[in-house]
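In: sequence-free structure coming up:
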């Protein structure tokens, strides 16, 4: 099912302190791309616009974002945490006239096209009281999530000290979980050890 008004948001403003280098620019194993460009390529055909939220790394991310026809959004104070980057991205998405947000993190592994299609199909067929759909693999929830205007507004009304998960849990009755056969939805790369395991397959 085709949905209109979908904007993608890739959160990439983190300091990558546990990795020791910007995760967005790490080479993605088995590809000529880095994590950022691999994420953009995996999502862009499903989104009308694709926003990459950067922080102090904006200048180094800009070449890949623009090369792949994304849009760069800068969090002016990334030290406030990841939720502040989400709010920056969501505000920009609404300012550009989109009401659906497909949200992921730059340190996630790009997903199978069937997974994103399953999320869009589930959202398109959702009952009115469902505001967001979340993929689930073996009982574990992952990313990306697809959120409608109601959930977007809940996130934007929340304190910057909140987390996306806290807001999700406060609105649990409005969240649907979509089982998918894709372990990548629950994988993220935070440390050099994680990265080495990924490279080794």
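Out: Great, that's in hand. Note that the coordinates shown come from a computational prediction; the quantities given were computed from them, not determined experimentally. Numbering: from 1, shown residues only.
In: Every contact and neighbour count from this point should use C-alpha atoms.
Out: Fine.
In: element containing residue 73?
Out: strand 71-74 (DSSP states H and E).
In: what helices or strands is the helix or strand following that strand leaning on?
Out: Note on strand 71-74: by DSSP H and E, the next helix or strand toward the C-terminus is helix 82-95. Counting contacts by 3 or more C-alpha pairs under 8 Å, 6 or more residues apart in numbering; DSSP states H and E, helix 82-95 packs against strand 6-11, strand 49-54, strand 71-74, helix 149-157.
In: Give the buried residues for the longest one.
Out: To tie it back to what came earlier, the one meant is helix 149-157. 149, 151, 152, 153, 155, 156 (16 or more other C-alpha atoms under 10 Å).
In: following that helix, which helix or strand comes up?
Out: For helix 149-157, the following helix or strand on the C-terminal side (DSSP H and E) is helix 164-170.
In: The very next helix or strand once past that following helix versus helix 149-157: what angle between them?
Out: Toward the C-terminal end, the helix or strand that comes next after helix 164-170 (DSSP H and E) is strand 175-179. Interaxial angle of strand 175-179 relative to helix 149-157 (axes from the mean of the first three to the mean of the last three C-alpha atoms, to 10 degrees): 110 degrees.
In: got a list of contacts for strand 175-179?
Out: Strand 175-179 has contacts (C-alpha atoms under 8 Å, 6 or more residues apart in numbering) with 118-119, 122, 130-139, 141, 168.
In: ok, now with 7 Å
Out: Contact with strand 175-179 is made by 119, 130, 131, 132, 133, 134, 135, 136, 137, as judged by C-alpha atoms under 7 Å, 6 or more residues apart in numbering.
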